[in-house]
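A.B. asks: Need a 3D model of the sequence below.
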Amino acid sequence: MNSLTPLFGEAGLGSTLGERVTLVQFSSAFCTPCRATKALLGQIAQESSDISYVEIDAESHLELVRRLHIHSTPTTLILDRTGVEIARAVGAPKRSDVLASLSQIK
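C.D. replies: All right, here's what the predicted structure looks like:
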């Protein structure tokens, strides 16, 4: 898969892609940093109408986790409006880092 291949269409994501960006978080049930990441990314998405946020339970989607090389949770993928991965954060991201990544996407 090359870097310009969309990872998800709306059907594969189970949600609508954002007009500019989609934040996709892979989580697991007993992951404490996942809860903080969910709150952060959800808040960022609520603050901007062109950003969508989706949380995926890694344990329920093992084939997808393997295909995308997700090795730990939380892992956040930042997708452009077509579903192409632009950036990836492993672990609980800092708000400033997420906002910096988002500012680079037009």
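
A.B. asks: now Leu79: how far from Val98?
C.D. replies: In this structure, Leu79 and Val98 are 13 Å apart, going by C-beta to C-beta, to the nearest Å. Using the backbone N, CA and C atoms, a C-beta is placed for each residue, glycine as well.

A.B. asks: now the strands: where do they sit in the chain?
C.D. replies: Using DSSP state E, the strands of the chain run over residues 21-27, 51-57, 75-80, 85-90.

A.B. asks: Parallel or antiparallel, which strands does the third one pair with?
C.D. replies: In the sheet, strand 75-80 lines up against strand 21-27 (antiparallel), strand 85-90 (antiparallel) (DSSP bridges).

A.B. asks: Contacts for it next, please.
C.D. replies: Where contact means C-beta atoms under 8 Å, 6 or more residues apart in numbering, the residues beyond strand 75-80 that reach it are 6-8, 17-18, 20-26, 37, 41, 58, 68, 85-90, 93, 98, 101-102, 105.

A.B. asks: before we move on, what about the first one?
C.D. replies: Strand 21-27 is contacted from outside by 8, 13, 15, 34, 37-38, 41, 44-45, 50-58, 61, 65, 70, 73-81, 83, 86, 98, 102, 105, using C-beta under 8 Å, 6+ apart.

A.B. asks: If any of these are buried, put those into a ChimeraX selection.
C.D. replies: A single ChimeraX command is used to select the members of the contacts of strand 21-27 judged buried by 16 or more other C-beta atoms under 10 Å:
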select :8,13,15,34,37,38,41,44,45,51,52,53,54,55,56,58,65,70,73,74,75,76,77,78,79,80,81,83,98,102,105
